[in-house]
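Visitor: Show me how the following folds:
(2 chains)
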Amino acid sequence: MAKFSFTRRGVLAGMTATIAAPYVLRVPAALAQDGPIHLGSLTPLTGVGGNYGPSMRDAIAGVIDGVNAAGGVLDRQIALTSEDTQTSPEAAIRAARKLIDVDGVSAIMGTWASSVTTAVAPLCWENQTMLFCVSGADSITLLPHKGYIARTQPNSKLQNDVATKFMIDEGATHLGWIGPQTPFAQGNIDNMTRIASEAGLEVDSLIYEADKSTYRSEVDTIMRSGADFILLGGYTADSTVLLRDLWQAGYEGKIIGPAYAVNQTVLDALPAEVLEGIFTWAPAPAIGSAAYANVAKILGVEVVDPYSAQCYDHANLAILAMAAGGSASGESIMENLRTVSQGEGTEVSSALEGLPILADGGAVNYTGASGPCDFNEVGDITGTQFLFQRIEDGAAVDFSRT
Amino acid sequence: MIDLLPQFLVNGIVMGTLLAIPAIGFTAMFAVLRFPNFSVASHATIGAFAGFAANVGLGLPIELSLVAAFIVPAIIGVASDEVALRPLRKHGALTTAIASIALTIVLENAVRFFYGNDLRGYDLPLVRDWRILGVRIGPQQVENFLLAVAIMVAVFLALRYTRVGKSMRAVADNPALAELKGIDPILVGRLTVFFGMGLVGTGGMLLGVGTSIDPLTGFRFILPIFAAAVVGGLGSIPGAVLGAMVVGIGEELSLIVLSPSYRSAVGFFAIVLVLTFRPRGLLGEREY
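Guide: Have a look, this model is predicted:
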């Protein structure tokens, strides 16, 4: 049997190799200027966001397939690597490290949960990799990201503004907020309190612990406050339990929840009578736009969810920004994002439309499936549409649109 | 908030009673096998899903579905113990406890493989809670409470009067002496795992009835179950019941002074407090 022994030289060589490994792994990608351009999708294929991740990834892949079929960008093909966040920051960090260090991607697209985007963001800006996300927490674009974050999802303040005004317009006299501890929980409560006080209304709030199988006592507490319109601040799993507990407790006020939480899974899990009359709201894709039609065709569906529409925009924006900058690097995408997404250029709804214009020296203004895709200085979109729905007989029915 | 005290007390008593069932299973296995078997988390999930399969898949009522919630995790508990844990017991309690954590991950993912991550609910008529003197309580809560009490009474009677129960108590008290008296400790160990995991599975289903279940159902309860067993005194069946009531009621009453987001801290606090002043637990006889 072979014998192994540690020598001083051997240990030193091993330590050197360990330290150098990440850099060596990056070299092939860095040297491969003539090979394919690498882009990454990092969507929640499993976990609480698992309902959305697969079609988000497919929307990105569809854009890239179309561009590759038309000859690629910068005379190179694009290779997409897809990873799963598992809707978990820890898993997402491992996946992002792999995308950046091993695959050498210029951009990561499609991070969904705010906690995931917050965890992955430092890896991206430290490695000059552009990060496109669909997360809503206000804190995300307040990170010191040096321009490497762009989000197509309205931040939670904008979402909360819209929902609070809706509650007041629907006749609420005493607002309630109930949800788990999240990066946006306290911010939403503060924002809601400010808007409500301007209208002379009271707000009561309760932040609970996620992953409980019952919220009976929490329901008793929020009902005791006398709130007649409650906004749910959680995700699908806790919202399911909470809605059932509210119904059993005999709560007779109105309820509104984000459409990502009160979704089809909840409709399937709870009896129709529990859900009757509950409102949902969500940033709405630009239905009727050419980009919306494109992504619907890619996915083979008639109705596109907001996140897949945004991911379609991520891929188009990354490709157009690379073309405008003449470089496939993450830095080039960061520097040229606003060049292609806003301004006086020709309005386009896909990279396929925009690439020939940029090749001829023209300018483009990308208008996407999720909306105008105009970004402010910190990477937030400046406006979008919202769709309110009401659950009737176990199905979500359009109620109003902002 | 003090006006909600009676309501929180009722909620706590119901929760404590439900927690007591898996806590009894956990502490019984500890008493006989002398290691904390953390795979109770996945066995509670397996029980919840076995009950779901019987209730929704076969259309059986909840009471009969509880039989499936007992038998399936009991059998899987014995099988997985034989394969994964018993060979490791000679290496010490810590090694076996760590292996039980690995086992629970494997079993939890096996449930995920068959059922996916989606939430599932039992086939039960949904009814509004009753209101009695300003305190609300659900009919299903009352039924679960009564079922849990009946199970506890059956466990006490079995341990006190049956041959198997007496053997378990003998091995728990002194394995060497029990063996000298002709009791096979390996057989008693298997029987204890069978009944212990059966109780854990039954408790998992009772905790899941009335809300929703998913592959993490049992994992959510591992801390309160462990806290109940430690607070009551590891190895003591009456202690597990008392500990479960302390944790269940304590978690609910804590809402009067604490934000609900710190609810799980009550379990940790109870463990630290009890171990500081009474290391053997409230009703425990041995120090660990």
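
Visitor: Every contact and neighbour count from this point should use C-alpha atoms.
Guide: Noted.

Visitor: Kindly report the residues of chain B close to chain A.
Guide: By the criterion of Cα under 8 Å from any Cα of the partner chain, the positions of chain B lying close to chain A are B:1, B:4, B:7-8, B:11, B:117-121, B:126-129, B:136, B:138, B:207-208, B:211-212, B:217, B:220, B:252, B:255, B:259-264.

Visitor: Mark which of the residues you listed are part of helices, please.
Guide: Judged by DSSP state H, helices contain the following of the residues of chain B next to chain A: B:7, B:8, B:11, B:207, B:208, B:217, B:220, B:252.

Visitor: Please identify the helix or strand for residue A:365.
Guide: Secondary structure assigned from DSSP states H and E places residue A:365 in strand A:364-366.

Visitor: so what does that strand touch, helix or strand wise?
Guide: helix A:330-341, strand A:346-348, helix A:351-359 (3 or more Cα pairs under 8 Å, 6 or more residues apart in numbering or on different chains; DSSP states H and E).

Visitor: quick one: average confidence on it?
Guide: Averaging the model's pLDDT scores along strand A:364-366 yields 97.

Visitor: Likewise for stretch B:57-64?
Guide: Here the mean pLDDT over stretch B:57-64 is 93, rounded to a whole number.

Visitor: Now the terminal residues of that stretch, how far apart.
Guide: Between the opening and closing residues of stretch B:57-64 lies a distance of 13 Å (Cα to Cα, to the nearest Å).

Visitor: now that stretch, how far from the centre of its chain.
Guide: Going by Cα atoms, centre = their mean, to the nearest Å, the spacing between the C-alpha centre of stretch B:57-64 and its chain's C-alpha centre is 21 Å.

Visitor: Now do the buried residues in it.
Guide: By 16 or more other Cα atoms under 10 Å in any protein chain shown, the buried positions in stretch B:57-64 come out as B:60, B:62.

Visitor: can you tell me the residue of the stretch 51-200 of chain B closest to chain A?
Guide: Per Cα to the nearest Cα, residue B:128 is where the stretch 51-200 of chain B lies closest to chain A, at 4.4 Å.

Visitor: residues touching the closest residue to that residue other than its chain neighbours, list them.
Guide: In space, not counting the residues next to it along the chain, residue B:128 is nearest to residue A:248; the distance is 4.4 Å by Cα to Cα, 6 or more residues apart in numbering or on different chains. For residue A:248, the residues meeting the contact criterion (Cα atoms under 8 Å, 6 or more residues apart in numbering or on different chains) are B:126, B:127, B:128, B:129, B:138.

Visitor: Now do the contacts for the residue nearest the centre of chain A.
Guide: Nearest to the mean C-alpha position of chain A, counting by Cα atoms, centre = their mean, stands residue A:134 at 1.6 Å. By Cα under 8 Å, 6+ apart, the residues touching residue A:134 are A:110, A:111, A:112, A:113, A:151, A:152, A:153, A:307, A:310, A:311.

Visitor: Which of these fall in strands?
Guide: Among these, the members falling in strands are A:110, A:111, A:151 (criterion: DSSP state E).

Visitor: Now a PyMOL select for only the buried ones of the residues you listed.
Guide: Buried members of the ones in strands among the contacts of residue A:134 can be picked out in PyMOL with the line below, counting by 16+ other Cα under 10 Å:
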select buried, chain A and resi 110+111+151
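
Visitor: Would you mind reformatting the ones in strands among the contacts of residue A:134 (as a markdown table) and adding columns for pLDDT while you're at it?
Guide: As requested, the ones in strands among the contacts of residue A:134 are exported to a markdown table (pLDDT from 0 to 100):
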| residue | pLDDT |
| --- | --- |
| A:110 | 97 |
| A:111 | 97 |
| A:151 | 94 |
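
Visitor: Nice, that's everything, thank you.
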